[in-house]
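Enquirer: Any chance you can model this:
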Amino acid sequence: MKKNQSSSKAILLLISLMLTTGFISACSSNSPEKQTNTGAQSPANNSSTGNNETKEAVSGDADPFGKYETPLTIRFTRDVDNDTQDNIIPKTPGETIENNRWLKAFSEKLGINVKYDWTVSSGDAYTQKMNVTLTSGDLPDMLRVTPAQMKQLAEADLIEDLTPYWEQYASDDLKELYAEQGPAVLNSAAVNGKIVGLGKADVYGDGVYLWIRKDWLDKLQLPEPTSLQDVLKISEAFTTQDPDGNKLNDTYGLALTKDLYGGAMGLEGFFAGYHAYPNMWIDDGSGNLVWGSTLPEVKESLKALSDMYKAGQLDKEFGVKDGGKVAESIAAGKIGIDFGAQWNPMYPLISNYQNDPNANWVGYALVSVDGKPALSPQRFQADSYWVVRKGFSNPEALIKMFNLHVELNWGKTGDFDYYYMPAANDSVGVWKYSPVQPASAFKNIRAFQEIEKARKNNSFDSLTGEALAIYRNIKAFEDGDVSQWGWPKIYGAEGVYRHGVNYMDNERFKYEAFAGPPTETMAERKSTLEALEKETFVKIIMGAVPLDDFDKFVDNWYKVGGTDITKEVNEWYASNK
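Expert: Below you'll find the model as predicted:
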C-alpha cells in the first residue's frame, strides 16, 4: 500500500512537471544522449542493496565522517561534461565515471558505494533524462534536480527533510562553507521551513570587475580609472583616438551583448556605478524586496548608455549579437572595456592576446559616479540541488559525502594534489569525478592571498594545495607558456583578485536577497518579463524609443505578472529572515 501511495504521488507530481518544465516536448526531442545503464532497479525494488527502511538515529554524538559498518549502496544519477569526457578521463588512465579515486574514497572512508542508475551528457540531455526518471516513479536514492523540481518533490512528500541531519552530521568546515555568503545559501533549499536539499555553496560568485586594455591607456596617456566618469572618458578616447593605430574609425569603448547581463561582456558592473542593480531582487531599504530593474537608478544608467551609443562608443549592432559574436570583436582588438567576472582573462580576453601579444588587459575594482563605493552585484545562481528520496534508510549519507569532499580537498587531513588538481595528471580537475562537489565561494581569493603572502616573503616553498597549483601556472607563463596568460591576470601581483580581497574584507558585495525556489507566478511569467525588460532596455540604449519608455516598462512589468511575483517573493523573504 505504501508503495502504491508513493507511485500515485509521483504521477501527480509529473503531471505538474509536464506543465512547468516542458517535459512533453523534451520527450519528443531527438537530442542525442550518452547513456550508461548500470542496472537500474524496478519500482518494486526501490531500496538500496543491503539497506532497510529504518533510518539511522540522529543523535548528539553523530560522527560527520563515521564509516558505515555494513557498506551502504546508494543509487545516484549524474551528468558528464565535455571537460570530464575529453580531458579528465584521458589523463587519468584506468579511471572512469563508475570507477575512480573519488568513488573509492567514499567506499573506503565512509563505507558508501555509489551506483549510477544512468549517466548522460551535461545540459539538456540530463534534464530530459531526469524528467523521464521522475515520470517512472522509480527514484534513485540521491537526485540532483532543479529548484522547481525540488519544490514540487517536497510538496508531494517524495523527498526527505534534511534539517535534523544537517544539524547533527554537517562538519564544522561544511557549515562554515555554507555560511560564508549568508543564511540564504542554505535556506534557498527550504520548503515550508524545512531544508530539503543541498545545492552549491558558491552560489553568488566572488565579484564583478572592470577590465580595461592598459596598453591602450598608456598609448593615449590616460590615467587608470577612479570613477565612472573616468570610464566614460576612456570609452570616448578608445572610440575616437585610434588606440589600435590603424588610422581607421573601427574601435569601440564598451563591450555589451543583446542579453545585457552575464559573467562576461555584461552591464551589471556599469549599472553598479550608478548604484543600480538590475536583474536581481534587492531590499528597498524598508525590509521589502523589489526587482532592481524597476528602480530610477536604472533609468539614469540607461541614459548614459544611450549617450554612448549615439556617440558611436557601442557597436551599432550589439542588439543582435550574442556573447560569441562580441567575443570575436574583442579577439580582433576592436573593444577596450569589459565588465565581467575574475575569469574573463580565460574567456574572452585571452583571444585578444593570442592575436596581439601587446594586448594588456588589467582588472580594476568597480567605480561609481559619486565617490560612494560601487558594490559588486552578485546574483543568486543556484541551478540544482541534491535531494534524498523519501524513505531512504540513511539520509545523512548525503551530508557525509559533502563533508568528505570538502575535507579531502581543503581540510587538514586532505590531499588537494590527489583529489582536486593532481600535478601527476596535468592538473586536470579530477574533483569532477565526485558526484557531489561543494566548494567555498572565496577559495580563489584566499588562494590569491596565500600567493601574495609568498610573494612578499619572496619564498614560494610553503605553498600547498590550490595556491601551489595556481602558482605553477603563473610560473609556467613566466617561463614562456603563453597558454597560461590568464593566470597572472587573476592571481599575479597586479592580478584582479587584489580588488577581490578588498571586496571581501570591506563587504563590497551586493547579494541578491531572494534565494528561494521559483514562485508560482515566476514559473509562469518569468520568461515574458525577461523578454520585456531586455527588449525595452536595448531599444532605449539604441534610441529606438525615448528614455521615458522606461517608466512605461515599469508599469507594464507590474501589470503582466510583476505585482504577483513581488508579493510571492516578499512572502518568502518574510518567512526566511
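Enquirer: can you list the weak-confidence ranges in the stretch 1-150 of the chain?
Expert: For the stretch 1-150 of the chain, the stretches with pLDDT under 70 are 1-61.
Enquirer: all strands for it, in order.
Expert: Across the stretch 1-150 of the chain, reading from the start of the chain, the strands by DSSP state E, counting those that start in this stretch fall at 72-80, 112-121, 142-145.
Enquirer: out of the ones you listed, which comes closest to residue 393?
Expert: Distance to residue 393, taken as C-beta to C-beta, is lowest for strand 72-80 among these, at 7.8 Å. (Each C-beta comes from the backbone N, C-alpha and C, glycine too.)
Enquirer: would you say residue 371 is within a helix?
Expert: No. The assignment for residue 371 is coil, going by DSSP: H, G, I helix; E, B strand; the rest coil, so no helix is present there.
Enquirer: Could you tell me how far the closest residue in space to it that isn't next to it in sequence is located from residue 339?
Expert: With C-beta to C-beta, 6 or more residues apart in numbering as the measure, residue 227 is the residue that lies nearest to residue 371, at 7.4 Å, once sequence neighbours are left out. Plainly put, residue 227 is 15 Å away from residue 339 if you go by C-beta to C-beta, to the nearest Å.
Enquirer: So these two - more neighbours on which side?
Expert: Each of residue 227 and residue 339 had its neighbours counted (other C-beta atoms under 10 Å), and the higher figure belongs to residue 339 (26 against 15).
Enquirer: my guess is the more buried one meets residue 271, correct?
Expert: No. Taking C-beta atoms under 8 Å as the contact criterion, residue 339 and residue 271 are not neighbours in contact, 9.1 Å apart.
Enquirer: Which helix or strand in the protein has the lowest average pLDDT?
Expert: The helix or strand with the lowest mean pLDDT-type score in the chain, counting by mean pLDDT, DSSP states H and E, is helix 23-27 (a mean of 35).
Enquirer: Do you know the pLDDT at residue 298?
Expert: Listed pLDDT for residue 298 reads 98.
Enquirer: how far is the one helix or strand it maps to from where the chain is centred?
Expert: Taking DSSP states H and E as the definition, residue 298 sits inside helix 296-310. A distance of 28 Å separates the centroid of the chain from that of helix 296-310, by C-alpha atoms, centre = their mean, to the nearest Å.
Enquirer: Okay, angle between the lengthiest helix in the chain and helix 296-310 too, please.
Expert: Within the chain, and with DSSP state H defining each element, the longest helix by residue count is helix 520-542. Computed by axes from the mean of the first three to the mean of the last three C-alpha atoms, to 10 degrees, the angle separating helix 520-542 from helix 296-310 equals 40 degrees.
Enquirer: tell me what helix 520-542 is packed against?
Expert: In terms of contact count using 3 or more C-beta pairs under 8 Å, 6 or more residues apart in numbering; DSSP states H and E, helix 520-542 is assigned the packing partners helix 296-310, helix 549-557, helix 563-575.
Enquirer: who touches that helix?
Expert: 20, 148, 258-260, 278-279, 293, 302, 305-306, 309, 314, 319, 518, 544-547, 549-550, 552-553, 556-557, 560-562, 564-565, 568-569 (C-beta atoms under 8 Å, 6 or more residues apart in numbering).
Enquirer: can you rerun that using 6 Å?
Expert: 20, 260, 293, 302, 305-306, 309, 319, 545, 547, 553, 561, 564-565, 568 (C-beta atoms under 6 Å, 6 or more residues apart in numbering).
Enquirer: Packed most tightly, which of the strands of the stretch 1-150 of the chain would that be?
Expert: strand 142-145 (a mean of 24; mean count of other C-beta atoms under 10 Å).
Enquirer: who touches it?
Expert: Residues external to strand 142-145 that are found in contact with it (C-beta under 6 Å, 6+ apart): 74, 76, 384, 386, 387, 388, 398.
Enquirer: hang on, the earlier thing: who does the helix or strand following the helix holding residue 298 touch, helix- and strand-wise?
Expert: Using DSSP H and E, the helix or strand that follows helix 296-310 towards the C-terminus is helix 323-331. Applying 3 or more C-beta pairs under 6 Å, 6 or more residues apart in numbering; DSSP states H and E, one finds that helix 323-331 contacts helix 350-355.
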